[in-house]
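> need the 3D shape of this:
(one chain, ligands or ions: 1)
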Amino acid sequence: RRVVVLISGNGSNLQALIDAQSYDELGGEIIAVVSNQADAYGLKRARDAGINAVALPHREYESREAFDGALIKVIERHEPDLIVLAGFMRMLTPIFVQRFYGRLLNIHPSLLPAYRGLNTHARVLADGAREHGASVHFVTEELDGGPVVIQAAVDITEDDTEESLKDKVHAREHLIYPIAVRWFLEGRLQLGVNGPTLDGTPL
Ligand code: GRF
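Numbers count the residues shown, from 1 in each chain. Purely as a prediction, here's the structure:
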């Protein structure tokens, strides 16, 4: 089973997936990593692991549609079973989402449906929330609105800062993303017409 990972930055989630693969725990192989930022550190992580690393700077395209068209081409060249968004900080067009519908996963730093969008750690703190976390979800046209597959929660303590929360949430992300990817690649996780199922049971 073949995976393409899309990133924009550091790629610590990509690293968690690479590590899982190295322990034979991913259920498939990361064939390529594509970044819309040429200087993303995650591209180095990919190269270091012997994975094809592709920079596709979105600024070189005149529209969102043109960029997504190029991205679709690069992805399809690798014939992936699954496309994993791991800190990919670009909104995707409906054409892109439809093309890969049901085989597109994203990870988001909040307990969805709470705190969609950016700056989740700061917003959670400002609200005085007690709990925070991370969610893996199938991607639909609604930003951070697709059906959730797996979540992990963290407690918020009085001394938490944006940075400390970010670290806590990242640690959870690195645990749950390889699990979700493995479920999918082993055929256990699917997006059906009535939402996601795991081993045939609705999530
Ligand atoms: C993660 O917090 C992820 O939830 C969000 O972007 C961040 C990416 O971090 N979508 P990294 O590049 O995987 O370290």
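
> list the buried residues for the helix or strand residue 54 falls within?
Under the criterion of DSSP states H and E, residue 54 resides in strand 52-55. Within strand 52-55, the residues scored as buried using 16 or more other C-beta atoms under 10 Å are 53, 54. For glycine as for every other residue, the C-beta is placed from the backbone atoms N, C-alpha and C.

> the ligand contacts on the chain?
For the chain, the residues in contact with the ligand (C-beta under 6 Å from any ligand atom) are 7, 9-13, 86-87, 107-109, 170, 173.

> three-state assignment of residue 25?
coil (DSSP: H, G, I helix; E, B strand; the rest coil).

> buried subset of the residues of the chain next to the ligand?
Buried among the residues of the chain next to the ligand by 16+ other C-beta under 10 Å: 7, 9, 11, 12, 13, 86, 87, 107, 108, 109, 170, 173.

> in strands, which of these fall?
When DSSP state E is applied, these are split such that 7, 107, 108 fall in strands.

> what about the strands in this protein?
2-7, 29-35, 52-55, 82-85, 104-108, 131-138, 148-155, 189-192, 195-198, 201-202.

> can I get the ones you listed in JSON lines including mean pLDDT?
Shown next, in JSON lines, are the strands of the chain (pLDDT from 0 to 100):
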{"stretch": "strand 2-7", "mean pLDDT": "98"}
{"stretch": "strand 29-35", "mean pLDDT": "98"}
{"stretch": "strand 52-55", "mean pLDDT": "98"}
{"stretch": "strand 82-85", "mean pLDDT": "98"}
{"stretch": "strand 104-108", "mean pLDDT": "98"}
{"stretch": "strand 131-138", "mean pLDDT": "98"}
{"stretch": "strand 148-155", "mean pLDDT": "98"}
{"stretch": "strand 189-192", "mean pLDDT": "96"}
{"stretch": "strand 195-198", "mean pLDDT": "97"}
{"stretch": "strand 201-202", "mean pLDDT": "96"}
